[in-house]
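[1] Quick one: sequence plus predicted model below, questions after.
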Amino acid sequence: MLESYIPVLVFTLTVLGFSGIALLLSRVIRPENPEEEKYLTYECGEEPVGDAWYQYSVQYYMYAILFVIFDVEILFLYPWALSLKNMAIFLVGVVFLIIVFLGLAYEWKKRALEWQW
């Protein structure tokens, strides 16, 4: 039984060895030039303006998460539409859409979709 885990152990040791060697070589080979500009915030080649630790509103993250959730759910509709061959597949898709719209209605009721200043 334990003999079947030997390839896993060898693979794990190989991965740890390669990653350790890579980390060690990067530390040994890298140049040491600590300058003031290296510690500045990078803004696409522009001079940084203001503090880098600006706090965004939680509402922004709510919109982003909701967009990702509903965008991914729309991706599930494409293969469903291509595989509509019998009634059972159609009903499973309808149940999925009902759950999606119930989630949207819940977010709407909780006023999570309104931007607050």
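    Alright, I've got the coordinates. Residues are numbered from 1 along each chain as shown.

[2] Go ahead and confirm residue 66 touches residue 113.
    Yes: if you go by C-beta atoms under 8 Å, residue 66 and residue 113 touch, sitting 7.3 Å apart. Bear in mind the C-beta positions are built from the backbone N, C-alpha and C, glycine included.

[3] who touches both of those two?
    By C-beta atoms under 8 Å, 6 or more residues apart in numbering, residue 66 and residue 113 have these common neighbours: residue 107.

[4] from the chain's centre, how far out does stretch 88-98 sit?
    Between the centre of stretch 88-98 and the centre of its chain there are 27 Å (C-alpha atoms, centre = their mean, to the nearest Å).

[5] ugh, typo on my part, it should be stretch 64-77
    13 Å.

[6] Now tell me what touches it from outside.
    For stretch 64-77, the surrounding residues in contact (C-beta under 8 Å, 6+ apart) are 93, 96-97, 100, 103-104, 107, 112-113.

[7] how about the residues you listed, which pair is most distant?
    Using C-beta to C-beta, those span at most 25.6 Å, a distance reached by 93 and 112.

[8] Which of these two has more residues huddled nearby?
    Ranked by neighbour count (other C-beta atoms under 10 Å), residue 93 and residue 112 place residue 93 first, with 17 against 13.

[9] measure that one to residue 73 for me?
    Going from residue 93 to residue 73 by C-beta to C-beta, to the nearest Å gives 11 Å.

[10] Can you report phi and psi for residue 46?
    Main-chain dihedrals, residue 46, degrees, to the nearest 10: phi -90, psi 160.

[11] With that, I have no additional questions.
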